[in-house]
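Q: Got a predicted structure here, sequence first:
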Amino acid sequence: MDLQLSEEQQMIVGMVRRFVREEIVPLELNLDPDTDQLPPADRERLIVKTKAMGLYGLDIPPEYGGPEIDLVTRTLLAIEMAQHRAGLYSPCYGVFGGAGLAQLFEATDDQKERYLYPTLRGEKRGFFGLTEPSGGSDPARAIQTRAVADGDDWVINGGKIFISGADKADFGLVFARTASEKGRNGVTCFIVDTDTPGFHVRRIVHTLRSANYATELQFDDMRVPATNILGQVNRGFAIANDRLSRQRIPYAAGCIGVAVKAHELALEYVPQRETFGAPLSSRQAIQWMLVDNEIDIQTSTWLVLDAAHKAQRGDSFRKEAAMAKLVGSEAGGRVVDRCMQMFGGYGVTKDFPFERWYREMRIRRIGEGPSEVQRHIIARDILGASLR
Ligand SMILES: Cc1cc2nc3c(=O)[nH]c(=O)nc-3n(C[C@H](O)[C@H](O)[C@H](O)COP(=O)(O)OP(=O)(O)OC[C@H]3O[C@@H](n4cnc5c(N)ncnc54)[C@H](O)[C@@H]3O)c2cc1C
């Protein structure tokens, strides 16, 4: 794998790095340390800048008006965009725009008119509703929400848990069982408007995340027209699975970005801070923490770029994405923990970003498939047919 960045990649990465350092980090000095929102005037001002940079709507395919950015460059940018306090769950506070739910690019023309284009224009927001109280690690078997055909509609009963942002969404993707079989072949994906009778946000679920709450959903005889089925009946799980694999690459990149920034802050701090008459940087215990940070960051960066390269070439990348997610989230957690330690008492105050990163990074070993599930995916890949 060639890790040398092209001139164009260096230029774009440099531009985004400067943007984060000059535009986002200074604003955070005056923001609530737990917010995921910019004041509206700053948000509008920065969106004008990202549009002028030609980088607005990074995840939108060029044929829908997004910039022509390949996946490897996009991954490098995800590493850069996470390098500030809110960066893990709110990279650059969304001023680079978003594509919303990527699955909608595969929707019918009518569905695109009703959901995709309004999302791209920033008029609608969607949620991704897969996990249920019966289990999220193995959703294909765990899904109990049921949809039954009734005339031109489907009637959905059941519930979901840990669904991010459904309390503020206009619609969402809801995965429901539509056949008697237990596995992945009996699941269908429905696009559901949140004002549909029978749709209830039962509870806001507070987690270690600073903002951007998860929700618990309940569906009571919720009627959804058949025209709102995304893809084919009983083939919805493939839609979820494809998204989960792809999403692991930027998810890992975000963890690496935070680790890079935490390590950089520690490298600035330890030569200045003296204990027992000498700078912390002269102590081998501190040097080894920095060395381990360096190794964690390098190894996870290689893995995530390898996954991005394979995905970009159209090769199978399921194992590589799982490895990147596993190592990126675990290494990122270790780096933040070591940096917090080097900063001593200051490390656990809200004057520094470590405590937010420390809390939010812990979720990353569970969200988008826990570490054990990533190992399970890798084991299935390397053992292949020999694994029963
Ligand atoms: C903040 C937050 C936001 C989320 N947002 C969303 C969202 O927007 N949409 C959505 O659909 N879901 C979302 N999730 C759900 C998330 O994907 C699940 O929590 C995750 O997949 C794990 O499912 P579970 O919590 O049911 O754990 P379980 O499936 O019950 O697993 C529990 C633990 O068992 C272990 N384990 C599981 N399988 C194995 C195995 N094969 N071998 C060994 N050990 C194993 C793991 O340690 C795992 O953490 C979110 C979760 C959180 C915390």
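A: All right, it came through fine.
Q: do you know how far the nearest residue to I363 once chain neighbours are set aside is from F276?
A: Closest residue in space to I363, ignoring its immediate chain neighbours: L208 at 5.6 Å, by C-beta to C-beta, 6 or more residues apart in numbering. (C-beta placed from N, C-alpha, C; glycine too.) Computed with C-beta to C-beta, to the nearest Å, the distance linking L208 and F276 is 35 Å.
Q: swap in D42?
A: D42 is 44 Å from F276, by C-beta to C-beta.
Q: what about the two, which has more around it?
A: D42 (17 against 7; other C-beta atoms under 10 Å).
Q: Leaving out sequence neighbours, find the closest residue to the more buried one.
A: Per C-beta to C-beta, 6+ apart, closest to D42 is L27, 6.0 Å.
Q: Show me which residues of this structure are close to the ligand?
A: For the chain, the residues in contact with the ligand (C-beta under 6 Å from any ligand atom) are 128-131, 135-137, 162-164, 207, 209, 214, 363, 366-370, 372-373, 376.
Q: of these, buried ones?
A: Buried members of the residues of the chain next to the ligand, counted by 16 or more other C-beta atoms under 10 Å: 128-131, 136, 162-164, 207, 209, 214, 363, 366-370, 373, 376.
Q: Let's see which of these end up in helices.
A: When DSSP state H is applied, those are split such that I363, V373, H376 fall in helices.
Q: Just send those residues back as CSV, with pLDDT too.
A: Below are those laid out as CSV (pLDDT from 0 to 100):
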residue, pLDDT
I363, 98
V373, 97
H376, 96
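Q: Now these in a markdown table, please, with extra columns for distance to T196.
A: A markdown table is the format used below for these (distance: C-beta to C-beta, whole Å):
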| residue | distance to T196 |
| --- | --- |
| I363 | 29 |
| V373 | 31 |
| H376 | 35 |
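Q: what helix or strand is V25 on?
A: helix 25-28 (DSSP states H and E).
Q: residues of that helix that come out buried?
A: V25, E28.
Q: tell me the centre residue of this protein?
A: Y251 (4.3 Å; C-alpha atoms, centre = their mean).
Q: Is it part of a helix or strand, or is it coil?
A: What DSSP: H, G, I helix; E, B strand; the rest coil gives for Y251 is helix.
Q: list the contacts for it?
A: Neighbouring residues of Y251 by C-beta atoms under 8 Å, 6 or more residues apart in numbering: K325, G328, S329, R364, G367, E368.
Q: The same query, at a cut-off of 7 Å, please.
A: Neighbour list for Y251: K325, E368 [criterion: C-beta atoms under 7 Å, 6 or more residues apart in numbering].
Q: Could you tell me how far the nearest residue to R125 once chain neighbours are set aside is located from the ligand?
A: For R125, ignoring the flanking residues on the chain, the nearest one in space by C-beta to C-beta, 6+ apart is A169 at 4.8 Å. Distance, A169 to the ligand, using C-beta to the nearest ligand atom, to the nearest Å: 10 Å.
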